[in-house]
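> Got a predicted model here, sequence first, then my questions.
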Amino acid sequence: MICLALAEASQVWPFVVLALCVAAIVLLITKLRVHAFLALLLAALLAGWLTPSGSLPGELTDSELAVFRIVGERPTDLAGVQRQLADAGLSTGRVSRTLDRLVAKGGLLVEGNGEARTYRAIITEAEAKRFHGRNHFVHVLDQVARDFGTAAGSIGIVIALASIIGVSLMESGAADVIVRRFMRLFGEKRAGIALLASGFFLSIPVFFDTVFFLLIPLARALGLRTGKNYMLYVLAMAGGGAITHSMVPPTPGPLLVADALKLDLGAAIVAGLLSGILPALGVLYLAKWLDRVSPVPLRETSGASLADLNTIVNRRDDELPSFSLAVLPVVLPAVLIALASFLDMAGKKLPGVVTALGGLESFTMLNAIVQFLGNKTLALLLGALIAMALHLKQCRLTFAALAQKIAPSLETAGVIILITSAGGAFEIGRAHV
C-alpha cells in the first residue's frame, strides 16, 4: 500500500508543481506587479527546485551512477545490466526505468529493442561521478540559465528581424498601402475578416510568433486609418494564426500528433483546415464582442509615433510605395519558409512530388537551395533588408538616420525576447519534473 501511494504521488507531483508555478506567476504579475521577465524566471527556478533531485539533465541518482559502473563504451546487453544491478538490490522494473532516464538524459545510447537491446555509455564513470556529486539547488540555477539560452537562441534573431520589418513597414507607408488595398477589397466592415484570414493561412507554414510580428503593423495601420476597432483587428489576426498553428500540419504540434496517430499527412492538413473554420468564426465573433464591450485605443509604441503614422496615413497614393513592394517584406519570408516546409515534408512523405520535380537527384538539389533560402533566419533577414531598403527610399534617410529609427523597435524586441526566453526556461524546466 505504501509503495502504491508513493507511485501515485510521483505521478501527481508534476501537476502540483505546474499548479504552484502558474499560481506564483499570476500572483507576482497581477498582485505584486513584478515584471513578467522576473516572474517567469522565478517560476522556472521554483519548478526546478521542486523537481525531485536527480531528475534534471546532468543530475545522476545513486542507481544511475551504478549503471555507469556496469555499462562502459562497449555495448552491454539488457539482461547483463539487469543481472548485475539485481545484485545491488534494484528490481527489474527499476533497472528499466533507470536505463530509460539515462537514455533520455543523453548519458546512454541504446540499440535494438525488446530483450535484444544493448546499451553503451557516452560518458565515463569518472565523469558520471562528477555529475552525481552536484548540489541540486545549484544545478537548477545552471539548468535554468541553459534553458533560457536555448529559448533565446531559438527566437531571438527572429523577433529582432520581425521587429525591424514591422517598424520599416509602418514608417515607409508600406503597411498603409496594404491596409488601403484591404479596405478597397473587403470594405471597412469586413477588415477584421481580412486580418483573420491572413493570420489563418500564414500560420500554417510559419511560426505563430513570426506571423504576429509580421501582421501587427497592419493591425496598427488599420486601427489608425479607421479610428476604431483596434481590439478587433489584433484579436482577429492573432486568433486566426493561433488556430491553424495548433491544428494544421506542418506546424510542429499537429505534425507530431498526425505522426503519432499514423494519419495521412494530406488528410490531416485538410481535416485541420476544415475543423479550424468553426473556431475561426468563433474567434471573429468573440473579437467583435470584446471590441464592443471593452475597446482598446491605439497607443504610442517605440518606433513610429502616432503623429508620424497620422502623417503617413494622410499621404496621397502616389507618395506611397507600390503594393507589390509593400507586401514583399511580408510575403517573401512567408513563401520561402512555407516552400521549405513543404519540400521537407514531400521528401519524407510525398514521393509523387519528388517524381514530379525530376526525380531524387533534381529534388535533392532543389531542396538544398530552398532549405537554405527558407531557413527562418535567412528568410526574415531578406524581408528585413527589403523593408529597410524601402524605408530608406521612401523617407529619403541616411543609414545613420535609419539606424536611429530602428533602434527603439529593437529595444522593445529585446524586452520581448527576455520575457519569451524566461517563459521558455520555465517550460523546459517544468518538462523535466
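All right, it came through fine. Owing to the predicted nature of the structure, the values given are computational and were not obtained by experimental measurement.

> Can you show me the helices along the stretch 151-300 of the chain?
Assignment of helices within the stretch 151-300 of the chain using DSSP state H, counting those that start in this stretch yields the ranges 174-186, 191-202, 208-226, 230-247, 252-260, 265-293.

> what residue ranges in the stretch 251-400 of the chain are flagged as low confidence?
Under the criterion pLDDT under 70, the flagged ranges of the stretch 251-400 of the chain are 251-253, 255-256, 259-260, 264-266, 300-314, 349-350.

> Quick check: nearest residue in space to residue 328, chain neighbours excluded?
Sequence neighbours aside, residue 386 is the residue nearest to residue 328 in space, at 5.4 Å (criterion: CB to CB, 6 or more residues apart in numbering). (C-beta placed from N, C-alpha, C; glycine too.)

> Quick one: neighbours of residue 372, just the number.
Other residues near residue 372 number 12, with proximity taken as other CB atoms under 10 Å.

> surely it meets residue 378?
Yes. Using CB atoms under 8 Å, residue 372 is in contact with residue 378, at 6.8 Å.

> Share the number of residues neighbouring the residue lying closest to residue 215 once chain neighbours are set aside, please.
Spatial nearest neighbour of residue 215, chain neighbours left out: residue 237 (4.9 Å); criterion: CB to CB, 6+ apart. Using other CB under 10 Å, residue 237 has 30 other residues around it.

> Next one: residue 237, what pLDDT does it get?
pLDDT for residue 237: 86.

> I'd say it and residue 217 touch.
No. Contact between residue 237 and residue 217 fails when scored by CB under 8 Å: they sit 10.6 Å apart.

> Would you report the backbone torsion angles of residue 297?
Backbone geometry at residue 297, expressed as degrees, to the nearest 10, gives phi -80, psi 160.

> quick one, strands of this protein?
In the chain, the segments counted as strands under DSSP state E are 76-77, 108-111, 118-121.

> ok, the spatially closest residue to residue 375 that is not a sequence neighbour to residue 158 distance?
Distances taken as CB to CB, 6+ apart place residue 340 nearest to residue 375, at 7.0 Å, with adjacent residues excluded. Separation of residue 340 from residue 158 (CB to CB, to the nearest Å) stands at 14 Å.

> How about residue 296?
Separation of residue 296 from residue 158 (CB to CB) stands at 26 Å.

> Check residue 236 too.
For residue 236, the distance to residue 158 (CB to CB) stands at 23 Å.

> residues near residue 223, how many?
Applying other CB under 10 Å, we find 22 residues neighbouring residue 223.

> show me the contacts for the closest residue to it other than its chain neighbours.
Using CB to CB, 6+ apart and skipping the chain neighbours, the partner closest in space to residue 223 is residue 230 (3.6 Å). Residues counted as contacts of residue 230 (CB atoms under 8 Å, 6 or more residues apart in numbering) are 219-220, 223, 291, 295-298.

> ditto for residue 286
By CB under 8 Å, 6+ apart, residue 286 lies in contact with 235, 239.

> so which of the contacts of residue 230 is the most crowded?
Taking other CB under 10 Å as the neighbour criterion, residue 219 ranks highest of the contacts of residue 230 with 28 neighbours.

> what about residue 236 and residue 158, which has more around it?
Neighbour count, other CB under 10 Å: between residue 236 and residue 158, residue 236 has more, with 30 against 21.

> Residue 193 is in contact with the more buried one, correct?
Yes. Shown here, residue 236 and residue 193 form a contact pair, counting by CB under 8 Å, at 7.4 Å.

> For residue 35, give its distance to residue 415.
Distance of residue 35 to residue 415, computed by CB to CB: 9 Å.

> for residue 150, same thing?
Taking CB to CB as the measure, residue 150 falls 19 Å from residue 415.

> How about residue 224?
The gap separating residue 224 from residue 415 is 23 Å, by CB to CB.

> So between those two, which is more surrounded?
Counted by other CB under 10 Å, residue 224 and residue 415 do not tie: residue 224 has more neighbours, with 19 against 13.

> The more buried one against residue 298, yeah?
Yes. Look at residue 224 against residue 298 with CB under 8 Å: they come within range, at 5.9 Å.
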